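**Q** can you look at this prediction? I've put the sequence above it.
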Amino acid sequence: MRVILIGPPGAGKGTQATRLAEKHNVPSISTGDLFRARTKDKNDPLGQQIKAIMDAGQLVPNEITVKMISERLDQPDCKNGFILDGFPRSVEQAESLDKMLKEKGIKLDGVIQIGVDDDKLVERISGRFSCGKCGEGYHDKFKKPADPHQCNKCGAKEDPKDPEASIWKRRSDDNEETVRGRLHTYHTQTAPILPYYDAKGVLKVVDGMAAMDDVTRQIEDVLDPKQGAKTLAPPKKFG
Ligand code: AMP
C-alpha cells in the first residue's frame, strides 16, 4: 500500500493516514511530524530555522524536505509500503517524488485528495490539541476529553491546580493567523499538484467534511472498490 494523502491543513490527513497505516501495517510518514521532531533541540540551528518557517506558515525549502523524505523511504519499515501525509506539497516536490520513486523502483497505488470547505477549517484547526503523553487528538468543540484533566486514551492525568504541568499540547502553528497563512500556502503552492496528479489519472477525491469514519470508508472504497463501502456519493468538487 503506497498512498499519498493531499488536503489543506485541518482536512484530517493525519487521522486518516494513521488509520490507513494501522490497517495495512505500513508507516504513516508526516513531513510536519518529522520537522517538528527536528525543532525540539533549541541548539540545532537547522531545527530553529525550520521552526521559524513553520511558525510563519510557509514551506520548508525543497532541498531539505526531499532529502528527508528520500532517507525516510529507505528505512526498512517502508519495504511493504507507506502513507505520505503532507508530502508532496508543491509541483516541484511532486516531480522530485516521481523521480525518486522511479529510482527506487516504487509504484504508487493512489493519490487521494481530502476535500474540505475553507470556511470550516480555521475553526477546526484552531481548536485542536493533543495528549502530550500518547498523542491522542482532541478538539475544544468537537472532541473534548471526558475529564478535562485526563486523557481518555492513555489515562495521563494533570494537576488542575498546576497549569504549568498541563498534559495537553497545542501546536505553535495552530493559531488563527498562522492557519490563514497555511491555507494561503496550500492554495497557492500545494493545490496545483491536484491537476498534476489528475492528468496522470491517479487522483481520487473524497469528501473530508463527512464524519471521520465515513471519510475512512470513502478512502477504502476509492483504493479498493471491491472491498470498501458501496454507498459512495459521487465525488464533490473542491478547490
Ligand atoms: P503539517 O503538520 O503537515 O500541517 O505541516 C506543518 C508545517 O510543516 C507546514 O506548515 C510547513 O511549514 C512544514 N511542512 C510540512 N510538510 C512540508 C513539505 N512537504 N514541504 C515543505 N514544508 C512542509
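**A** Thanks, I have the structure now. Quantities reported herein were computed from a predicted structural model and do not represent experimental measurements.
**Q** so what's the closest residue to the ligand within the chain closest to, chain neighbours aside?
**A** As assessed by CB to the nearest ligand atom, the ligand sits closest to residue 32 within the chain, at 2.0 Å. C-betas here are computed from N, CA, C, even on glycine. Among residues not flanking residue 32 along the chain, residue 86 sits closest, at 4.9 Å (CB to CB, 6 or more residues apart in numbering).
**Q** list the buried ones in the strand or helix carrying residue 4?
**A** Under the criterion of DSSP states H and E, residue 4 resides in strand 2-6. By neighbour count on 16 or more other CB atoms under 10 Å, the buried set for strand 2-6 is 2, 3, 4, 5, 6.
**Q** okay, those in TSV with pLDDT next?
**A** Below are the buried residues of strand 2-6 laid out as TSV (pLDDT from 0 to 100):
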residue	pLDDT
2	96
3	97
4	97
5	97
6	97
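**Q** residue ranges in the chain under the pLDDT threshold?
**A** 163, 225-239 (pLDDT under 70).
**Q** can you pull the residues of it lying near the ligand?
**A** For the chain, the contact set with the ligand under CB under 6 Å from any ligand atom comprises 9, 30-32, 35, 53-54, 57-60, 65, 86-87, 89, 93, 173, 182.
**Q** any of those residues buried? List them.
**A** 9, 30-32, 35, 53-54, 57, 59-60, 65, 86-87, 89, 93, 173, 182.
**Q** so which of those residues belong to helices?
**A** Among these, the residues falling in helices (DSSP state H) are 31, 32, 35, 53, 54, 65, 93, 182.
**Q** mind listing the helices for this protein?
**A** 13-24, 31-39, 45-55, 62-73, 91-104, 118-126, 176-185, 193-199, 212-223.
**Q** turn these into CSV, including distance to residue 165.
**A** Compiled in CSV, the helices of the chain are given as follows (distance: least, CB to CB, whole Å):
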stretch, distance to residue 165
helix 13-24, 26
helix 31-39, 21
helix 45-55, 24
helix 62-73, 33
helix 91-104, 40
helix 118-126, 24
helix 176-185, 26
helix 193-199, 42
helix 212-223, 30
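**Q** the strand holding residue 4 relative to helix 62-73, how many degrees between them?
**A** In terms of direction (axes from the mean of the first three to the mean of the last three CA atoms, to 10 degrees), strand 2-6 departs from helix 62-73 by 140 degrees.
**Q** for strand 2-6, name the packing helices and strands.
**A** Here strand 2-6 touches helix 13-24, strand 82-85, strand 110-115, helix 193-199, going by 3 or more CB pairs under 8 Å, 6 or more residues apart in numbering; DSSP states H and E.
**Q** against the centre of the chain, work out the most remote residue.
**A** Distance to the chain centre peaks in the chain at residue 161, reaching 34.0 Å (criterion: CA atoms, centre = their mean).
**Q** could I get the phi/psi values of that residue?
**A** phi -90, psi -10 (degrees, to the nearest 10).
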